[in-house]
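Asks: Compute the structure for the input listed below.
(4 chains)
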Protein chains: 2
Amino acid sequence: MDASDACCAPPGNVDSDAMATDLQVLSAMGNDTRYELLRRIANADDGVCVCDLEATVGVSQSAVSQALSRLYTAGLVTRRKEGSWRYYEPTETTEVLLETLDDLRGNHE
Amino acid sequence: MDASDACCAPPGNVDSDAMATDLQVLSAMGNDTRYELLRRIANADDGVCVCDLEATVGVSQSAVSQALSRLYTAGLVTRRKEGSWRYYEPTETTEVLLETLDDLRGNHE
DNA sequence: AGCTTATACAATCAAGCACTAATACGTTGC
DNA sequence: GCAACGTATTAGTGCTTGATTGTATAAGCT
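Replies: Numbers count the residues shown, from 1 in each chain, chains lettered A, B, ... in the order given. Next up is the predicted model:
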């Protein structure tokens, strides 16, 4: 209560479960390769397979596979197997976040 | 045109300016220390100074300062100097993104 | 069955990152 | 002026992480 030697009130605590979840999402998206993969997956509405993604981002097939796995673990994409191909689609989390980022870039006051 | 050997349509391009901006935001938030600092700054409405933040997250003053600088560069906090103290406040980007993350965690369908 | 294609997994390596410690800058008060 | 405090910056270091290469699995094709 003595404000004479305190510069401000100490801030409250942070929910650690929420923090872990958010960090997984943010760190998964906050990488060059994975962000671009995510954008491409989100742009194409009817599912994208690994073979095409490999060509568009400039890394090896293995790197794409690893990146997609991490996006999947973070709950940012779903994967569905069809024949010999694997199709990836965005989750709602991805769509909402990308849209939010677009809005924030547009409405820069 | 020949769909027999194509698994799917190649996805469209990604705006590279938008990508750079988003990546700066996402990678800045996608770190343990910086995320926690950001949450604490966002929770306290009337500005937080470094001295209090240092006590709450378990790293040195230097680390806190560096983390805050990066958050500032990414446009996630504003800083204002008042006497010998430096007060940090969240930007709209921060508030919108954290709120979006909260919503996404809540509305898990 | 064997070969090819599509994808995932494992091991290794290099680059980037986040920390600590030390130093420098700026403000306040004696 | 100088000392003490709050914050920023710099230099150095260990750890994390993302990529490559190579191998493994699994499904089609002949």
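Asks: hey, let's count contacts and neighbours off CA atoms from now on
Replies: Fine.
Asks: Next, see if the helix or strand where A:Glu89 lies gets close to DNA strand D.
Replies: Using DSSP states H and E, A:Glu89 falls within strand A:85-90. No: shown here: strand A:85-90 not in contact with DNA strand D (C-alpha under 7 Å from any atom of the strand), separated by at least 8.3 Å.
Asks: And for A:His23, the neighbour number?
Replies: One thing to correct before we go on: residue A:23 is Leu, not His. Other residues near A:Leu23 come to 22 when the count uses other C-alpha atoms under 10 Å in any protein chain shown.
Asks: and the nearest residue to it once chain neighbours are set aside, what is it in contact with?
Replies: Leaving aside its sequence neighbours, A:Leu23 sits nearest to B:Gly30 (C-alpha to C-alpha, 6 or more residues apart in numbering or on different chains; 5.3 Å). Residues in contact with B:Gly30 (C-alpha atoms under 8 Å, 6 or more residues apart in numbering or on different chains) are A:Asp22, A:Leu23, A:Gln24, A:Val25, A:Leu26, A:Ser27, A:Ala28, A:Gly30.
Asks: that older thread, buried stuff in the strand holding A:Glu89?
Replies: A:Tyr87, A:Tyr88, A:Glu89, A:Pro90 (16 or more other C-alpha atoms under 10 Å in any protein chain shown).
Asks: Kindly report the same for stretch A:70-87.
Replies: Going by neighbour count (16+ other C-alpha under 10 Å), the buried part of stretch A:70-87 is A:Arg70, A:Leu71, A:Tyr72, A:Ala74, A:Gly75, A:Leu76, A:Val77, A:Thr78, A:Arg79, A:Tyr87.
Asks: neighbouring contacts of it?
Replies: Stretch A:70-87 is contacted from outside by A:24-25, A:28-29, A:34, A:38, A:47-50, A:68, A:88-94, B:7, using C-alpha under 8 Å, 6+ apart.
Asks: Cheers, nothing more for now.
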